[in-house]
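> Predicted model and sequence below, questions to follow.
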Amino acid sequence: MGPAARGRTAADACPGALRPHLAADGAMVRLRMIGGVLASRSLAALADLADRHGDGALHLTSRGNVQLRALRAVGQGLDPVVVQAIQGAGLLSSPSHELVRNVLVSPGTGRLGGLVDLTGAARELDRQLCQDRLLPALPGRFLFALDDGTGDVVGLGADVGWWALPSSGDDPGAVPVGALVVSGRDTGVRLTLPRAVPALLAVARAFVARRAQDARVGGAAAWRIGELPDGVERATSLVLQAEPSTTTAAPVALPPARTRLPELGVLVQHDGRSALAVLVPLGRLSTAAARVMARSAEGVVLTPWREVLVPDLTASAARNLVRELSGLGLDVTGTSGWRGVSACAGRPGCARALVDVRALAYRSVGLRVAASDATGEPSPLHYSGCERRCGHPAGPHDEVVATTRGLIEGRVDPTAADPRRSTE
């Protein structure tokens, strides 16, 4: 057992739609979207829910999910009226599995770049995940990833993922082949896309079995595969045994963790239509902006960087949307200084927080614009209201942490294991 799991109880406490976190400002729930995909109907319903029952905003997370804050609680649970509203929004499709539907997907898949469209594979992964009777036992932090070859989500620390690789042949119709990635490492296992979903779920089931075995002998329970000293090797061996026809190759280095979309503004899709990429400062999407997006498109894609893609627009609709969202405080040019800036909830929302770190972040934005003009793109920067460092980026970044000794500035080494940190 890795050091991160020592002394830990068997369950994690990640919030979900049915398991709220009781914060200083009320109950907080996390609603999971597969690959960040959110239909307009659901987006509009969430905006109504946040206005009627919450703090008037949708809070975007680093896994492309949505959190709602300041909700009413009944005892340790959520007010049944709020649960009913979440169900009515179409965001509680599998109550038994809702905590484990953690799936990152390349945000632009099928529309912008990439070697293969993963839309169908993502839906199939979710379908099979929700039908598996063993997998509700996964920790709420366990993360799947499907990368279409863009290299945008494979480096974000998933427990298990599939990463499309360029074809070595000349046949444009060849079945896409990708790398099995476990805990941030290419295992060398190569799988076609049709075999990817069964392999990912097999690794997840093996992890559940290992957790149960550790619990039976009185050991600590790992939350992530990387906490097991032999996790990557066991997962690789499992897939090779289950898939005798699987090929292997020399492992390759994963791309560094992305911190943003390649660009903001109006983008041209493969089909000639437009997509609008916008940044939501500190991930706080106002209900007004959410409603504008909902009435402008059939859906949106929430990215792991608190940026949003509004796809499948006509050119004129995209231009109109630029004007509307700019007027509501969203960044559609990348020049606002908000790119790469993140923060936890801070005061007054979190009882653990020592300061209002979001106010600190707002004061820093003008300085970042000046630094960018002088030295190029500044490093990602995360503000933490306490030493738990919730919501920090997956890759290298600067940080400002509130402690009892005051504000501490530093540089984060993403390879350093720290079980206190939450990536969402």
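All right, it came through fine.
> Quick check: phi and psi at E263.
Torsion angles at E263 (phi, psi; degrees, to the nearest 10) stand at phi -160, psi 160.
> In contact with it, which residues?
Each residue near E263 by C-beta atoms under 8 Å, 6 or more residues apart in numbering is listed here: A277, G334. (Each C-beta comes from the backbone N, C-alpha and C, glycine too.)
> how near is it to G108?
Taking C-beta to C-beta, to the nearest Å as the measure, E263 and G108 are separated by 11 Å.
> again with L92
27 Å.
> So those two - more neighbours on which side?
Neighbour count, other C-beta atoms under 10 Å: between L92 and G108, G108 has more, with 23 against 17.
> Kindly provide the distance from the more buried one to A17.
27 Å.
> Ok, R111 next?
From R111 to A17 the distance is 28 Å (C-beta to C-beta).
> Surely A222 and V208 touch.
No - contact criterion C-beta atoms under 8 Å: A222 and V208 do not qualify, at 10.7 Å.
> and those two? which has more neighbours close in?
Set A222 next to V208 and count neighbours by other C-beta under 10 Å: A222 wins out with 23 against 18.
> For that one, which three-state class applies?
coil (DSSP: H, G, I helix; E, B strand; the rest coil).
> For the residue lying closest to G35 once chain neighbours are set aside, grab the count of nearby residues.
Take G35 and drop its neighbours on the chain: the residue closest to it by C-beta to C-beta, 6 or more residues apart in numbering is V105, 3.0 Å away. By other C-beta under 10 Å, 29 other residues sit near V105.
> Touching, V105 and L146? I think so.
Yes - counting by C-beta under 8 Å, V105 touches L146, with 4.8 Å between them.
> Which neighbours do those two have in common?
G35, L118, A122, V153.
> where do the strands sit along the stretch 251-400 of the chain?
With strands called from DSSP state E, counting those that start in this stretch, the stretch 251-400 of the chain shows them at 265-268, 274-279, 284-286, 299-302, 307-313, 341-343, 381-384, 397-403.
> which residues of the stretch 51-200 of the chain score low on pLDDT?
For the stretch 51-200 of the chain, the stretches with pLDDT under 70 are 169-173.
> care to break the chain down by domain?
Structural domains annotated on the chain: 18-91+259-327, 100-248, 341-412, as defined by automatic domain parsing.
> and of these, who's closest to D12?
Closest approach to D12 among the domains of the chain (C-beta to C-beta): domain 100-248, 4.5 Å.
> middle-most residue in this protein, spatially?
Centroid-nearest residue in the chain, with C-alpha atoms, centre = their mean: R63, separated by 0.8 Å.
> Could you spell out the sheet neighbours of the one helix or strand W163 maps to, each with its direction?
Taking DSSP states H and E as the criterion, W163 maps to strand 160-164. Neighbouring strands of strand 160-164 in its sheet, by DSSP bridges, are strand 144-147 (parallel), strand 177-182 (antiparallel).
> Quick one: these as TSV, columns for distance to L228 too.
Listed next are those as TSV, based on distance: least, C-beta to C-beta, whole Å:
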stretch	distance to L228
strand 144-147	17
strand 177-182	10
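> which secondary structure elements does whichever helix in the chain runs longest contact?
Taking DSSP state H as the criterion, the chain has its longest helix at helix 193-216. Applying 3 or more C-beta pairs under 8 Å, 6 or more residues apart in numbering; DSSP states H and E, one finds that helix 193-216 contacts helix 119-131, strand 144-147, strand 160-164, strand 177-182, helix 231-242.
> H53 contacts V82, correct?
Yes - using C-beta under 8 Å, H53 is in contact with V82, at 5.2 Å.
> what are the ranges of the helices in the stretch 251-400 of the chain?
Applying DSSP state H, counting those that start in this stretch to the stretch 251-400 of the chain gives helices spanning 287-296, 315-327, 357-375.
> what's the most buried one of those helices?
helix 287-296 (a mean of 20; mean count of other C-beta atoms under 10 Å).
> Identify the residues contacting that helix?
Applying C-beta under 8 Å, 6+ apart, the contact partners of helix 287-296 are 40-41, 43-44, 46-48, 50-51, 56-58, 280, 300, 308, 310, 313, 317, 320-321, 324-325, 328-330.
> Quick check on those: which are buried?
Neighbour-count burial (16 or more other C-beta atoms under 10 Å) is assigned, among the contacts of helix 287-296, to 40, 43-44, 46-47, 50-51, 57-58, 280, 300, 308, 310, 313, 317, 321, 325, 330.
> can you count the residues close to the nearest residue to C386 once chain neighbours are set aside?
Setting aside the residues directly before and after it, C386 is nearest to R352 in space (C-beta to C-beta, 6+ apart), at 4.7 Å. Around R352 there are 16 other residues, counting by other C-beta under 10 Å.
> ok so, going back, closest one to A137 among the helices of the stretch 251-400 of the chain?
Smallest distance to A137 across these (C-beta to C-beta): 33.8 Å, for helix 287-296.
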